[in-house]
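**Q** with the sequence up front, the predicted model follows.
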Amino acid sequence: MLYASTGCFTLTVMMGVWLAIFAARYKRPYSFLTPLHVGSAVVGSIFLIIALSNGDSRLMLNVALAVAIASFGVLMAFFRRRGAMIAPLYMCHILLAVMFYFSMVCFTIFPNFGLD
């Protein structure tokens with residue numbers, strides 16, 4: 001399940017970079033891009049929860065980070081619909097997502113990462 005979750009989040013990262021390029025150019029992204037970004041993150045989170053329920057307790061920090069990332073994403077969407085782009089929200093979303101992704105990759109590639 002950890003490999004499936006990491007794969008989904010890899011797709012999420014790629015789409016997030018694409019969204020960031022559009023945002024940096026002050027252009028609207030393609031209409032399919034944001035729902036796919038959110039959808040792959042949700043599917044990856046489901047796989048993450050399944051891996052957690054199978055006894056991988058190292059992933060609790062990742063769950064907390066995923067909740068924070070999703071919260072910032074919802075706030076970004078809320079303000080974006082009102083026509084505002086608030087840079088600190090974007091930066092918090094991106095920085096937390098980078099920490100989350102690197103942690104997921106470390107747990108996936110190195111199975112003993114974080115174990116005593």
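**A** All right, it came through fine.
**Q** most centrally placed residue in this structure?
**A** Centroid-nearest residue in the chain, with CA atoms, centre = their mean: residue 97, separated by 5.0 Å.
**Q** excluding chain neighbours, what is closest to that one?
**A** Once flanking residues are discounted, residue 97 sits nearest to residue 69: 5.3 Å by CB to CB, 6 or more residues apart in numbering. Where C-beta positions appear, they are placed from N, C-alpha and C, glycine not excepted.
**Q** does that neighbour touch residue 94 like I think?
**A** No - counting by CB atoms under 8 Å, residue 69 does not reach residue 94; the two are 9.2 Å apart.
**Q** which one's more surrounded, the two?
**A** For the pair residue 69 and residue 94, the greater number of neighbours falls to residue 69 (23 against 15), based on other CB atoms under 10 Å.
**Q** ok, the more buried one - contacts?
**A** By CB atoms under 8 Å, 6 or more residues apart in numbering, the residues touching residue 69 are 41, 93, 96, 97, 100.
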